[in-house]
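Peer 1: mind folding the following:
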Amino acid sequence: LDFYKSCISTLEDKYGSNYPAIVSPLVNTGLVYSSQNLINKAMDTFVRAKKLAENVLGMDRLSLADIYHNMAVLYDRQSNIKAAENYYRKCLRIREKLKKDGFVTSLAYENLAMILKDGKKYEESISLQKKVISIRNKLGHNAEFARALHNLGLIYYAKGKFTLAYTFFTKAQTLRVKYL
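Peer 2: Got it, this is the predicted structure:
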């Protein structure tokens, strides 16, 4: 944490507070605060990084998508579901526009799908979780792919489709055993 704070201070002293390279150590500082469960400090730091990224880097940058994702996770942890959904969607709009469909994109889809499941928006939740499965299938069958299958089972279970849920739970468990 001290390293990141020192880095930010040095960059600000040398280049000013609007220097684009400050975004990265701000995000890392926010992640450290988040890992320490200092949610308010983490959010304040992410908000500062977001404003700097929006103003200096532009709206269609992967770094901004990652900031939105980190903010969504924090809002989700605080049970501020509306804000979490909003920031997951912002993150995904940028990632889709930039055609980034790696693991972080799948996490954003999955987190949003689980929020929507809890809000009983099953059809959109299923659609998003199928995107997660597609992305993770391309990345390789592993524990994260198994988790994606399991989470689709959770959505079907919540929807009352118990037989379909069981199918996905079984597929997930078979993969978990294989990859442990």
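Peer 1: which pLDDT value belongs to residue 50?
Peer 2: With respect to pLDDT, residue 50 scores 95.
Peer 1: quick one, what contacts it?
Peer 2: By Cβ atoms under 8 Å, 6 or more residues apart in numbering, the contact set of residue 50 is 64, 67-68, 71. Any C-beta I mention is one placed from the backbone N, CA and C, and that applies to glycine too.
Peer 1: what is the nearest of the residues you listed to residue 34?
Peer 2: Closest to residue 34 out of the contacts of residue 50 is residue 71 (10.1 Å), distances taken as Cβ to Cβ.
Peer 1: buried residues in the strand or helix carrying that closest one?
Peer 2: Assessed by DSSP states H and E, residue 71 sits inside helix 62-77. If you call a residue buried by 16 or more other Cβ atoms under 10 Å, then helix 62-77 has these buried ones: 63-76.
Peer 1: please name the nearest non-neighbouring residue to residue 87.
Peer 2: Spatial nearest neighbour of residue 87, excluding adjacent residues (Cβ to Cβ, 6 or more residues apart in numbering): residue 72 at 3.6 Å.
Peer 1: look at residue 24 and say how many residues are nearby.
Peer 2: 17 (other Cβ atoms under 10 Å).
Peer 1: so where do the helices sit in this structure?
Peer 2: Along the chain, the segments classed as helices by DSSP state H run 2-15, 23-35, 39-52, 62-77, 81-97, 103-118, 122-139, 143-159, 162-179.
Peer 1: for the first one, C-alpha coordinates in PDB please.
Peer 2: Yep, that's helix 2-15 we're talking about. Backbone C-alpha positions of helix 2-15 (Å, rounded to 0.1, in the frame of the first residue of the first chain) are rendered in PDB as follows:
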ATOM      1  CA  ASP A   2       2.800   2.400   0.900                       C
ATOM      2  CA  PHE A   3       4.500   1.600  -2.400                       C
ATOM      3  CA  TYR A   4       1.400   2.600  -4.400                       C
ATOM      4  CA  LYS A   5       0.800   5.700  -2.400                       C
ATOM      5  CA  SER A   6       4.500   6.700  -2.900                       C
ATOM      6  CA  CYS A   7       4.200   6.100  -6.600                       C
ATOM      7  CA  ILE A   8       1.000   8.200  -6.900                       C
ATOM      8  CA  SER A   9       2.700  11.000  -4.900                       C
ATOM      9  CA  THR A  10       5.800  10.900  -7.000                       C
ATOM     10  CA  LEU A  11       3.900  10.900 -10.300                       C
ATOM     11  CA  GLU A  12       1.700  13.800  -9.100                       C
ATOM     12  CA  ASP A  13       4.700  15.800  -8.000                       C
ATOM     13  CA  LYS A  14       6.600  15.300 -11.200                       C
ATOM     14  CA  TYR A  15       3.700  15.400 -13.800                       C
END
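Peer 1: relative to helix 39-52, how tilted is it?
Peer 2: 30 degrees (axes from the mean of the first three to the mean of the last three Cα atoms, to 10 degrees).
Peer 1: I'm done for today, thanks for sticking with me.
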